[in-house]
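In: Provided below for reference: sequence and predicted model.
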Amino acid sequence: MSSFRIFDIAGSGMSAQSVRLNTVASNLANAESVSGTAAGAYKARHPVFEAVRSQLGTAGNEPGSAVKVLGIVEDTRAPEMRYQPGNPLANAEGYVFAPNVNVVEEMVDMISASRAYQNNVEVMNTSKELMLATLRLGA
């Protein structure tokens, strides 16, 4: 197995964490939006990852590993009902529907994704330094 595959593996991890950071940003941006109906309320979104281990690599001769984003799913929790009779979006009973976004959970998810991204960057930097040190051995 080529030692250059580590860059593909770490790169796929960085790409997956980037998707995770984008969904967290979207959830946080919509955390305080309201709607007049439960169906119209924003629903938190979360990416679904899969660890892929293939027996054939991209060239057909090397095994490979990667992180794959299977998709983004919506949270199934019900939206929060808030009593705001003065809100123009309120229904006949005076309620508006707020998203099912938990800001604390999203912030923890953002920190976790950021650290995972940083770890993948460190893996790439360490691999690069090891390869350069190996090349210097011959000089």
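Out: Yes, it's here.

In: list the buried ones in the strand or helix carrying Val73?
Out: Secondary structure assignment for Val73, by DSSP states H and E: strand 64-74. Buried residues in strand 64-74, counted by 16 or more other CB atoms under 10 Å: Gly64, Ser65, Ala66, Val67, Val69. C-beta here means a position set from N, CA and C on the backbone, and glycine is covered the same way.

In: and if you look at stretch 86-105?
Out: Ala90, Tyr95, Val96, Phe97, Ala98, Pro99, Asn100, Val101.

In: got the residues you listed as JSON lines, with distance to Met81 and secondary structure columns?
Out: Shown next, in JSON lines, are the buried residues of stretch 86-105 (distance: CB to CB, whole Å; DSSP: H, G, I helix; E, B strand; the rest coil):
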{"residue": "Ala90", "distance to Met81": "10", "secondary structure": "coil"}
{"residue": "Tyr95", "distance to Met81": "5", "secondary structure": "strand"}
{"residue": "Val96", "distance to Met81": "8", "secondary structure": "strand"}
{"residue": "Phe97", "distance to Met81": "6", "secondary structure": "strand"}
{"residue": "Ala98", "distance to Met81": "8", "secondary structure": "strand"}
{"residue": "Pro99", "distance to Met81": "12", "secondary structure": "coil"}
{"residue": "Asn100", "distance to Met81": "11", "secondary structure": "coil"}
{"residue": "Val101", "distance to Met81": "15", "secondary structure": "coil"}
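
In: in its sheet, what does the helix or strand just after the strand holding Val73 sit against?
Out: Using DSSP H and E, the helix or strand that follows strand 64-74 towards the C-terminus is strand 80-83. Paired neighbours of strand 80-83 in the sheet (DSSP bridges): strand 95-98 (antiparallel).

In: send me the partner strand as PDB with only the CA atoms.
Out: What follows is strand 95-98 as a C-alpha-only set of coordinates in PDB (Å, rounded to 0.1, in the frame of the first residue of the first chain):
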ATOM      1  CA  TYR A  95     -48.600  30.000  19.200                       C
ATOM      2  CA  VAL A  96     -45.600  30.000  17.000                       C
ATOM      3  CA  PHE A  97     -43.400  27.000  16.300                       C
ATOM      4  CA  ALA A  98     -39.700  27.200  16.900                       C
END
